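# the following block contains a protein sequence and its predicted model.
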Amino acid sequence: MKNEDTGCHAPGDVTCQRLILDYLLAFEEGTMPADERDAFRRHIEMCPPCVEFLSTYEATGRTLKLLKPRDIPPDLAKAVVSFVRSRRRDKE
Amino acid sequence: MEAAEQPTPTDLELVQAIKAGDERAFEQMVDRYHARVYSLSFGVLRNAEDAEEATQDTFLQLYRKIGTFDESRKFFSWFYRVALNSAYSRARKRPSAPTVAIEDYLPRFNSDGHLASVDLRDWSIGVEDEAAARELASRAEEFIAELSPAYRDVIWMYDVEEIPADQIAEILEISIPAFKSRLHRARLYVRQRLGEIAGSARREKAAG
């Protein structure tokens, strides 16, 4: 039965809420049992809002991957070793 | 004849050498972990100078506490915990930044469990453009900084630092389900905020 408000046509137990809050992470990780994966896929095939939700969720993950690598200050390792040595000397 | 190449020591071998007073082993440990400690510290402190100082603090703590490290545990998890504590110790010296109530940004559903009619237009196509994607990434970093530490640490370590889930759970001393729940909610928050700015950029473009 079509949900007029959202455009979701998916029948059955898997609602948009269950898909997004309970299943999405496991689906992305590939750790979902086969029967649940099939139910998930059936829902998506009939639910344009969930398709859009999923593609923007995946785009979020791709966007976060761009944050790496962060520039490391040059000579940081040397500065760390000098700092630790100087604090040890202070203590001695 | 060339000398045989020395095998790379394991973390545990370096720990044992440092405990025995080997200065070179300490330098090797710094070489191995300083970049990761810096990046983790930056995730907490959002400032290069503070992250650099927190990195120094972390290795000083390593030097002082290595004698108490239980060698039956994984060094990596123990040391990251030391690094996080050093970063938080430095963060407490600064005025605390406000954090968001993540619940206000989670998706809304109708009583029948379907998505509520909100702006669900797909903005992911814009991420195919490299310049636009980098701009979004820069904003995503700001949104991560708005999260409370429980969410911020998880999403930063997993999605940016790419530390495996089981190690993050061990470092933060939380269960795997708790880790997954936090990660998912943090991603939902960042997704929602990215959608807002992508929507507003689209409206500006349409207005001309």
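Done, it's in. Quantities reported herein were computed from a predicted structural model and do not represent experimental measurements.

# would you point out which residue is most central in chain A?
Central residue of chain A (Cα atoms, centre = their mean): residue A:61, 5.2 Å from the mean position.

# who's in contact with the nearest residue to residue B:87 once chain neighbours are set aside?
Excluding the flanking residues, the one nearest residue B:87 by Cβ to Cβ, 6 or more residues apart in numbering or on different chains is residue B:44, at 3.9 Å. Where you see a C-beta, it was placed from the backbone N, CA and C, and this is true even at glycine. Contacts for residue B:44 were tallied using Cβ atoms under 8 Å, 6 or more residues apart in numbering or on different chains; they are B:54, B:84, B:87-88, B:91, B:149, B:152-153, B:156.

# export these to CSV and append columns for secondary structure, neighbour count and pLDDT.
Shown next, in CSV, are these (DSSP: H, G, I helix; E, B strand; the rest coil; neighbours: other Cβ atoms under 10 Å in any protein chain shown; pLDDT from 0 to 100):
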residue, secondary structure, neighbour count, pLDDT
B:54, helix, 26, 97
B:84, helix, 22, 95
B:87, helix, 26, 95
B:88, helix, 15, 93
B:91, helix, 18, 90
B:149, helix, 15, 91
B:152, helix, 20, 93
B:153, helix, 25, 93
B:156, helix, 25, 92
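
# which one of those sits closest to chain A?
residue B:156 (8.7 Å; Cβ to the nearest Cβ).

# remind me, longest helix of chain A?
Longest helix of chain A, by residue count under DSSP state H: helix A:48-65.

# please save the CA atoms from it in CSV.
Provided in CSV are the C-alpha atoms of helix A:48-65 (Å, rounded to 0.1, in the frame of the first residue of the first chain):
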residue,chain,number,x,y,z
PRO,A,48,12.2,6.4,-3.3
PRO,A,49,12.7,8.3,0.0
CYS,A,50,14.8,5.6,1.4
VAL,A,51,16.9,5.4,-1.8
GLU,A,52,17.6,9.1,-1.4
PHE,A,53,18.3,8.7,2.3
LEU,A,54,20.7,5.8,1.5
SER,A,55,22.6,7.7,-1.2
THR,A,56,23.1,10.7,1.0
TYR,A,57,24.2,8.5,3.9
GLU,A,58,26.8,6.8,1.7
ALA,A,59,27.9,10.3,0.3
THR,A,60,28.4,11.4,3.9
GLY,A,61,30.8,8.4,4.4
ARG,A,62,32.7,9.3,1.2
THR,A,63,32.9,12.9,2.3
LEU,A,64,34.4,12.0,5.6
LYS,A,65,37.1,9.9,3.9
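
# burial measure for residue B:85, as a count.
14 (other Cβ atoms under 10 Å in any protein chain shown).

# what helix or strand does the residue nearest to residue B:87 sit in?
If you go by DSSP states H and E, residue B:44 is part of helix B:23-45.

# what mean pLDDT does the helix of greatest length in chain B have?
Counting by DSSP H, the longest helix found in chain B is helix B:176-207. Helix B:176-207 shows a mean pLDDT of 84.

# which other helices and strands contact that helix?
Secondary-structure packing of helix B:176-207 (3 or more Cβ pairs under 8 Å, 6 or more residues apart in numbering or on different chains; DSSP states H and E): helix A:24-29, helix A:48-65, helix B:130-145, helix B:149-155, helix B:165-172.

# mind listing what's buried along the second one?
By neighbour count, and taking 16 or more other Cβ atoms under 10 Å in any protein chain shown as the criterion, the buried residues in helix A:48-65 are A:48-50, A:52-54, A:56-57, A:59-60, A:63-64.

# touching, residue A:43 and residue A:51? I think so.
No: taking Cβ atoms under 8 Å as the definition, residue A:43 is not a contact partner of residue A:51, at 10.0 Å.

# mind telling me which residue of chain B is nearest chain A?
Taking Cβ to the nearest Cβ, chain B has residue B:113 as its residue nearest chain A, at 3.0 Å.
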